[in-house]
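Novice: sharing a model that was predicted from the sequence below.
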Amino acid sequence: MSAAEGPLVVGVDTSTQSTKALVVDASTGQVVASGQAPHTVSTGAGRESDPRQWWDALRAALHQCGTAAHEAAAVSIGGQQHGLVTLDAHGEPVRPALLWNDVRSAPQARRLVEELGGPKSWAERTGSVPAASFTATKWAWLAEHEPEAVRATTAVRLPHDYLTERLTGEGTTDRGDASGTGWWSSGSEAYDEEVLAHIGLDPALLPRVVRPGEVAGTVHAGGDLPFSRGTLVAAGTGDNAAAALGLGLRPGVPVVSLGTSGTVYAVSTRRPSDSTGTVAGFADARGDWLPLACTLNCTLAVDRVAALLGLDREAVEPGGAVTLLPYLDGERTPNLPNASGLLHGLRHDTTGGQLLQAAYDGAVHSLLGALDLVLDADADRSAPLLLIGGGARGTAWQQTVRRLSGRPVQVPEARELVALGAAAQAAGLLTGEDPAAVARRWGTDRGPVLDAMERDEDTLARITGVLSDAAPLLERGPNGNGG
């Protein structure tokens, strides 16, 4: 480990499948130590994880960082959004957390939208039309299917809130992550009492919303943590808001994130309100907004197709007219929570590589279809797309995004942008700077720019046509029903 120029900070990314910790020099952005540990997600009808695994993984990742973590002056946690964590009177999980990609609450989402004024009303009050991923719909599902768990719950948290509270002993959240619940009003920037009353959730069970730049608390004694007692703890935020901090995003710069889920987003100074529900009007972690569209099926779904074909993920081939909609976990954009994967146009001469390319095309089509809705009207439509996430360095992903977008693509060299964004937030506590300005000073968005390609309008039109024609089938789901 080289000598640090300034104070050290820790940024954490607690994602769907693992927790990563970075120790970062607050002056230069240099990563001086890192650690990572996995956690598990259930399979079957739902997607659940035991929050205690997240804590164990955080401790393991921090211990891998060695003495550098002990020297850190501040820490912040970025985490997967939307997950419903229910705690009992002793602070222990009542049941496993319902994760963002658990779509069992789709019927509750539809009912909530209908019962509280329809899509336009929801978009105006909360910034978003709740889908099955949103926390409010998960609480409604829990109340309907597991009322005994609801009765045992004395605190409701999001994943990053849970870990922050384990560090500080105090229940806190931030506006960025709170804006993905469905019970936080983007207009008043406060919990929406009408929504909470409608779903039967006592606001006393919710964490305090910490303002941008405010200290959430300090690391308290216990827990076998390699921190010095009194280490400052920032508010933390959701993973997409943390990645936006990690890139030092300025308004209007488009981001395409390729992970287990896919997202497109940009910082905006205007409060979003999309009554179609395609764009979630999230808050960012600074005081601006982060209009975002999310797909449930991205790298994991394409990798699964590659595995079924017995191919390496890069073994794509051009040509053919096959369409593959890789909606293996249902889908959120377009809003088809009951859908499964769909293959159309298979011929005798279709190759495995063409099938794999079709999976990439189907995944990217969903993301790009929402991009124009995410960007403000005055955004530069020719500016490079910032390509981030686990798939960003894959040649097949890069080429597919370039071909279907017709735009140049920039791939930042910095990795672990969620953890870096959390580290920038922690650094901001020490320096008083805007965390995005900290990240810009660190140069986290530097990376090669890949030239634009001619946009593949034929493939885009073909996928759009198949999707439109197949919509009734996709809405019914694999079992022939819609619920």
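Specialist: In hand now; what should we look at? Residues are numbered from 1 along each chain as shown.

Novice: where do the strands sit along the stretch 201-350 of the chain?
Specialist: 208-210, 215-218, 232-234, 237-238, 255-258, 262-265, 280-283, 289-295, 323-325, 342-344 (DSSP state E, counting those that start in this stretch).

Novice: give the pairing partners of the second one; include direction for each.
Specialist: Think strand 215-218. Paired with strand 215-218 in the same sheet, following DSSP bridges, are strand 232-234 (antiparallel).

Novice: list the buried ones in the strand it pairs with?
Specialist: In terms of neighbour count (16 or more other C-beta atoms under 10 Å), strand 232-234 has its buried residues at 232-234. The way it works is simple: take the backbone N, C-alpha and C, and place the C-beta from them, glycine included.

Novice: just the residues you listed now: which is nearest A123?
Specialist: A234 (29.7 Å; C-beta to C-beta).

Novice: now do the contacts for the closest one.
Specialist: Residues in contact with A234 (C-beta atoms under 8 Å, 6 or more residues apart in numbering) are 74-76, 215-216, 422, 425-426, 428-429.

Novice: skipping adjacent residues, who's closest to it in space?
Specialist: In space, and not counting its chain neighbours, A234 is closest to S76: 3.6 Å by C-beta to C-beta, 6 or more residues apart in numbering.

Novice: so which strand or helix has that neighbour?
Specialist: Using DSSP states H and E, S76 sits within strand 74-79.

Novice: same check, this time on S121
Specialist: S121 belongs to helix 118-126 when assigned by DSSP H and E.

Novice: contact partners of that helix?
Specialist: Residues contacting helix 118-126 (C-beta under 8 Å, 6+ apart): 113, 116, 128-130, 179, 182-187, 192, 195, 273-277, 281.

Novice: now that helix: buried residues?
Specialist: Going by neighbour count (16+ other C-beta under 10 Å), the buried part of helix 118-126 is 119, 122-126.

Novice: one more: stretch 290-307?
Specialist: Those would be 290-306, for stretch 290-307 by 16+ other C-beta under 10 Å.

Novice: cool, stretch 321-337 as well?
Specialist: Residues of stretch 321-337 classed as buried by neighbour count (16+ other C-beta under 10 Å): 322-337.

Novice: count of neighbours near the residue nearest to V85 when sequence neighbours are not counted?
Specialist: Spatial nearest neighbour of V85, chain neighbours left out: R157 (4.2 Å); criterion: C-beta to C-beta, 6+ apart. Residues near R157, counting by other C-beta atoms under 10 Å, number 27.

Novice: check R157 and give its pLDDT.
Specialist: What the model reports for R157 is a pLDDT of 98.

Novice: wait, what's in contact with it?
Specialist: 85, 87, 165, 171, 173, 207.

Novice: can we see that at 7 Å?
Specialist: The neighbours of R157, taking C-beta atoms under 7 Å, 6 or more residues apart in numbering as the test, are 85, 87, 165, 171, 207.

Novice: for the nearest residue to the second one once chain neighbours are set aside, give its distance to A315.
Specialist: Just to be clear, that refers to L87. Once flanking residues are discounted, L87 sits nearest to A155: 4.2 Å by C-beta to C-beta, 6+ apart. Distance of A155 to A315, computed by C-beta to C-beta, to the nearest Å: 48 Å.

Novice: higher neighbour count, the two?
Specialist: A155 (19 against 15).

Novice: distance of that one from V85?
Specialist: A155 sits 8 Å away from V85, taking C-beta to C-beta as the criterion.

Novice: sec struct for V195, please.
Specialist: Following DSSP: H, G, I helix; E, B strand; the rest coil, the label given to V195 is helix.

Novice: got a pLDDT number for it?
Specialist: For V195, pLDDT reads 96.

Novice: start at 695 instead
Specialist: All set: I'll call the first residue 695, so the last point we hit is now V889.

Novice: now it: how far from S721?
Specialist: Distance, V889 to S721, using C-beta to C-beta: 43 Å.

Novice: also V909?
Specialist: Distance from V909 to S721, counting by C-beta to C-beta: 20 Å.

Novice: among the contacts of helix 812-820, which are in helices?
Specialist: In helices, judged by DSSP state H, the following of the contacts of helix 812-820 are found: 807, 889.

Novice: narrow the contacts of helix 812-820 to those that are buried.
Specialist: Among the contacts of helix 812-820, those scoring as buried are 807, 810, 822-824, 873, 876-880, 886, 889, 967-968, 971, 975 (criterion: 16+ other C-beta under 10 Å).

Novice: and the lengthiest helix in the chain, what's buried?
Specialist: Longest helix in the chain, counting residues (DSSP H): helix 1046-1068. Neighbour counts over helix 1046-1068 (16+ other C-beta under 10 Å) mark 1046-1065, 1068 as buried.

Novice: what packs against it?
Specialist: Under the contact criterion of 3 or more C-beta pairs under 7 Å, 6 or more residues apart in numbering; DSSP states H and E, helix 1046-1068 touches strand 956-959, strand 983-989, helix 993-1003, strand 1017-1019, helix 1089-1099, helix 1151-1170.

Novice: export these to a markdown table and append columns for distance to V797 and mean pLDDT.
Specialist: Listed next are the helices and strands packed on helix 1046-1068 as a markdown table, based on distance: least, C-beta to C-beta, whole Å; pLDDT from 0 to 100:
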| stretch | distance to V797 | mean pLDDT |
| --- | --- | --- |
| strand 956-959 | 16 | 92 |
| strand 983-989 | 12 | 92 |
| helix 993-1003 | 14 | 97 |
| strand 1017-1019 | 16 | 98 |
| helix 1089-1099 | 24 | 97 |
| helix 1151-1170 | 13 | 94 |
